[in-house]
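> Any chance you can model this:
(chains A and B)
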Amino acid sequence: MSKKILIVDDAAFMRMMIKNIVAKNGYEVVGEAENGKQAVEMYANSSPDVVTMDITMPEMDGIDGVKAIRSIDPNAVIIMCSAMGQQSMVMDAIQAGAKDFIVKPFQQDRLLQALERVLSRGK
Amino acid sequence: MDALKEISNIGMGNAVTSLAQLVNRRIDMNVPLTRFMPLDETISLVGGPEEIVSCVSLNISGDVPGMVLFIFDSQSTFQMVDLLMGMNLGTTADLDEMAESAVKEIGNVLTGSFIGALCQMTQLNMVTAVPMFAFDMLGAILTSLMVASGRVEDHVLVIQTQLFQEKEVNIKGNFFLLTEPGSIQVLFKALGLAVE
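The predicted structure follows:
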């Protein structure tokens, strides 16, 4: 059975790129959100197995998005995907509850391996 | 100005590496031109007030508050879209919504790399915000950005470089860093440059 994935990024282009990578590798994209707020709503409606979350987004950024999603599902599996890779950002994200952090630009394999790893670890 | 040149080499180097990864090609860069100059003079440096350019702008918060602009002339912009979308060079002739999103994301990633490199070098904290995009005449874009941000900008850190891959790819990139009055001193100081 395919793992369900929710893609969160304010750039349509990035959502498309991630969608292309994961769809070809056995994932079912159950939603695409443009910001943290939309992400929470879609998460509640579609119960994905994993979420990719950008940080810099309007309305609600990714760090707040992670906190918000984990408040409705403490077992949520979320991978950050951001152009900003500074140590403090990574720490904030992990402290908020993200399971991994990928810096853009990333190789396809990096994303796929990260997804596999966080999903196999289980909850 | 040596530390500034070093920053520009390292910053742009990181940014270009990111671009190369994004488009899956080797991208070379020539030695960047780095200047700290009045904003109005930057216009002729980039190509004149009527030059049609794409401009990705990002606000920066933290230790050096200000704004970063990545400016590319129209041909360079179309080339980048072609590269990013995996299309033959010369395909893109205008920007639809997806192409615009692609250019914004390029700007986002390049800026992230550049600022990340700067932060690593200086131990300063600089955080980028959501990118804005404009594809219009350079003069008009800069004027509206200044008005919108309420800036009374004096000098701007400008880094201009050419990105290329053999004879196929030829992208002219301009990176501007505009800072709040006094903030550039924070950057200079962190670089060990004398405070003006």
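> any idea of the mean pLDDT for stretch B:87-103?
For stretch B:87-103, mean pLDDT is 94.
> Contact partners for the residue of chain B found nearest chain A?
With Cβ to the nearest Cβ as the measure, residue B:112 is the residue of chain B nearest to chain A, at 3.0 Å. Where you see a C-beta, it was placed from the backbone N, CA and C, and this is true even at glycine. The contact partners of residue B:112, by Cβ atoms under 8 Å, 6 or more residues apart in numbering or on different chains, come to A:82-85, A:103-104, B:18, B:128.
> Equivalent analysis for residue A:102, please.
A:79-82, A:110-111, A:114.
> for the contacts of residue B:112, which one is nearest residue A:14?
Among these, residue A:104 lies closest to residue A:14 (Cβ to Cβ), at 7.6 Å.
> That closest one touches residue A:82, doesn't it?
Yes: counting by Cβ atoms under 8 Å, residue A:104 does reach residue A:82; the two are 6.4 Å apart.
> neighbour-wise, which of these two wins?
Between residue A:104 and residue A:82, residue A:82 has the larger neighbour count (other Cβ atoms under 10 Å in any protein chain shown), namely 26 against 23.
> Chain neighbours aside, what residue packs nearest to the more buried one?
Once flanking residues are discounted, residue A:82 sits nearest to residue A:55: 4.0 Å by Cβ to Cβ, 6 or more residues apart in numbering or on different chains.
> Next: residue B:87.
Of all residues not flanking residue B:87 in the chain, residue B:81 sits nearest, at 7.7 Å (Cβ to Cβ, 6+ apart).
> can you count the residues close to that neighbour?
Close neighbours of residue B:81, defined as other Cβ under 10 Å, add up to 24.
> That one against residue B:102, yeah?
Yes: the criterion here is Cβ under 8 Å, and residue B:81 meets it with residue B:102 at 5.6 Å.
> show me where the chain has helices.
With no chain named, the answer covers chain A. Assigned by DSSP state H, chain A shows helices spanning A:12-23, A:36-46, A:62-72, A:87-96, A:108-121.
> nope, chain B please
Under DSSP H, chain B gives helices at B:2-23, B:39-46, B:74-85, B:97-122, B:138-149, B:183-190.
> List the residues that contact residue B:144.
residue B:134.
> ok, now the one 10 residues further on?
Contact partners of residue B:154, counting by Cβ under 8 Å, 6+ apart, are B:38-39, B:181.
> Tell me what residue A:3 is bridged to.
Beta-bridge partners for residue A:3, by DSSP bridges, are residue A:27.
> any idea how far it lies from chain B?
Using Cβ to the nearest Cβ, to the nearest Å, we find residue A:3 at a distance of 25 Å from chain B.
> I figured that residue hits residue A:29, correct?
No: counting by Cβ under 8 Å, residue A:3 stays clear of residue A:29, with 10.4 Å between them.
> Just the pLDDT at residue 122, thanks.
All of this refers to chain A. pLDDT, residue A:122: 57.
> oops, chain B please
pLDDT, residue B:122: 87.
> ok, for it, nearest residue in space, not its chain neighbours?
Residue B:122 sits nearest to residue B:190 (Cβ to Cβ, 6+ apart), 3.7 Å away.
> What's the separation between residue B:175 and residue A:16?
26 Å (Cβ to Cβ, to the nearest Å).
> between these two, which one's more packed in?
When neighbours are counted by other Cβ under 10 Å, residue B:175 and residue A:16 differ, and residue B:175 comes out ahead with 23 against 17.
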